[in-house]
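**Student:** Below are the sequence and a predicted model for it; my questions follow.
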Amino acid sequence: MIEEFTVGRDRELDLRLARYDVEGSMAHIRMLESIGLLKADELEVLLKALGEIAEVIERGEFTIEPGVEDVHSQVEFMLTAKLGDVGKKIHSGRSRNDQVLVDLKLFMRDELRRIADAVSRLFKRLQSLSEEYKDVLMPGYTHLQVAMPSSFGLWFGAYAESLADDMQMLVAAYNIANQNPLGSAAGYGSSFPLDREMTTSLLGFETLHYNVVAAQMSRGKTERAASMAIGAIASTLGHLAMDVCMWMCQNFGFVSFPDELTTGSSIMPHKKNPDVFEIMRGKCNRLQSIQNEIALLTANLPLGYNRDLQLLKDIIFPATTEMTDCLDMADFMLQHIRIRRDIIDDPRYDYLFTVEEVNRLVLGGMPFREAYKKVGLEVQDGTYRPVRAVSHTHAGSINNLCNPEIALKFQKLYDRFGCQASCKES
């Protein structure tokens, strides 16, 4: 009863950490051999055995046996069963605390890279659509009232640049994850002469968590930073999903999708519902809540490790997967979006162009207040006739989207993850 309550879903979630536990252990024993705590032949057999476990993991055959608490115990159990006392030496100079921490750091680093890749794919899709439909005008709204001319180039491009802002958060989370806690032991260091710089290099971390207490305190901080980045991306994506749901509504009718990507009604044969985007909106709203959940879980904990922190995995592990799934689904759906090109021909959008008319009068020499009053009176008495054309040339406007500049901004951030793919072609 106690074991079931305290372990919870840990065995299931820990399977995602297995490869990182082996990776961290390999770096640790190489370091132990370098400082004389392992013999060269012991290192050789341990590395070979860990390599075999890694192959089992890659084949999807790794399991945590009944009675074994977690992935870390399972790996050590397998080594001991195969190598005897040599297998037991792997834990010298290491606590379960820093062992778990390094696994989590490696895991979060990879998960954040995967999210960055998914963001990059969606970013390029949005920029491509922005260029493709840059000359197709659509109504712009404020307070959900018809306001001024916009374009699909602006709409798609706006979400692309918003993702560039979100990448700032993702980079910050990655930088926090990309620090080595190994060697901090239970949070107070070790009397062994551990070479922490060596394991930092072997595991590809950018730097150390130098202070051993600070290293232990990073449990929860890494997850909190990641949750904030996920929340930022989810906010952008949820907003996009809402727009698509609205634009698909017959009252707007700006966009549509193939029948096979929408759902119908059990009694209304005409329905084509945006279920994908409604589910996406719901998932993104839920993803924005995890930073509060993590903040509350970690609030006011005393210094050092506390078992509460185990529950972070229940929150952040599913969230990274769900975030990537939502980004990939958005990319897939937008690949098939259909844009209506004649939206602004509808008389209901005549008033979109009142500001354009005011500006033309001002350019002709009329004071702005007089021009504003003149056009306003024409609207009131029904004599206003729109000229359906725009000439917006300043940076970031309808006729000057600055997509290459936005792509460069995004690429500089994306490069921080060490990714090879480029956004420059978009």
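**Tutor:** In hand now; what should we look at?

**Student:** Could you name the specific helix or strand carrying the nearest residue to Arg416 once chain neighbours are set aside?
**Tutor:** Nearest residue to Arg416, sequence neighbours excluded (C-beta to C-beta, 6 or more residues apart in numbering): Val171, at 4.8 Å. All C-beta atoms are positioned from the backbone trio N, CA, C, and that covers glycine. Per DSSP states H and E, Val171 falls inside helix 152-177.

**Student:** Name the residues of that helix that are buried.
**Tutor:** With burial defined by 16 or more other C-beta atoms under 10 Å, the residues of helix 152-177 counted as buried are 152-164, 166-167, 169-171, 173-174, 176-177.

**Student:** Let me know the secondary structure of the closest residue to Val7 other than its chain neighbours.
**Tutor:** Leaving aside its sequence neighbours, Val7 sits nearest to Glu69 (C-beta to C-beta, 6+ apart; 6.5 Å). Secondary structure for Glu69, judged by DSSP: H, G, I helix; E, B strand; the rest coil, is coil.

**Student:** what number of residues lie near Glu69?
**Tutor:** Using other C-beta atoms under 10 Å, Glu69 is surrounded by 16 other residues.

**Student:** Any idea how far the helix holding Val171 is from the middle of the chain?
**Tutor:** 9 Å (C-alpha atoms, centre = their mean, to the nearest Å).

**Student:** counting contacts, what elements does the helix or strand containing Thr199 pack onto?
**Tutor:** Thr199 is part of helix 196-202, with elements assigned from DSSP H and E. Helices and strands touching helix 196-202, by 3 or more C-beta pairs under 8 Å, 6 or more residues apart in numbering; DSSP states H and E, are helix 18-34, strand 179-180, strand 207-208.

**Student:** Buried ones in the next helix or strand after the first one, by neighbour count?
**Tutor:** Yep, that's helix 18-34 we're talking about. Note on helix 18-34: by DSSP H and E, the next helix or strand toward the C-terminus is helix 40-58. By neighbour count on 16+ other C-beta under 10 Å, the buried set for helix 40-58 is Glu42, Leu43, Leu46, Ala49, Leu50, Ile53, Ala54, Ile57.

**Student:** how much space between the fifth one and Ile57?
**Tutor:** To Ile57, Leu50 is 10 Å away according to C-beta to C-beta, to the nearest Å.

**Student:** shared neighbours of those two, anything?
**Tutor:** Here Leu50 and Ile57 share the contacting residues Val22, scored by C-beta atoms under 8 Å, 6 or more residues apart in numbering.

**Student:** could you point out where this structure is predicted with low confidence?
**Tutor:** Applying pLDDT under 70 to the chain picks out residues 419-426.

**Student:** Quickly find the element holding the nearest residue to Phe368 once chain neighbours are set aside.
**Tutor:** Spatial nearest neighbour of Phe368, chain neighbours left out: Val362 (5.3 Å); criterion: C-beta to C-beta, 6+ apart. According to DSSP H and E, Val362 maps onto helix 354-363.

**Student:** Can you name every helix or strand that the helix holding Val171 contacts?
**Tutor:** Using 3+ C-beta pairs under 8 Å, 6+ apart, helix 152-177 sits against helix 96-132, strand 137-142, helix 212-248, helix 403-414.
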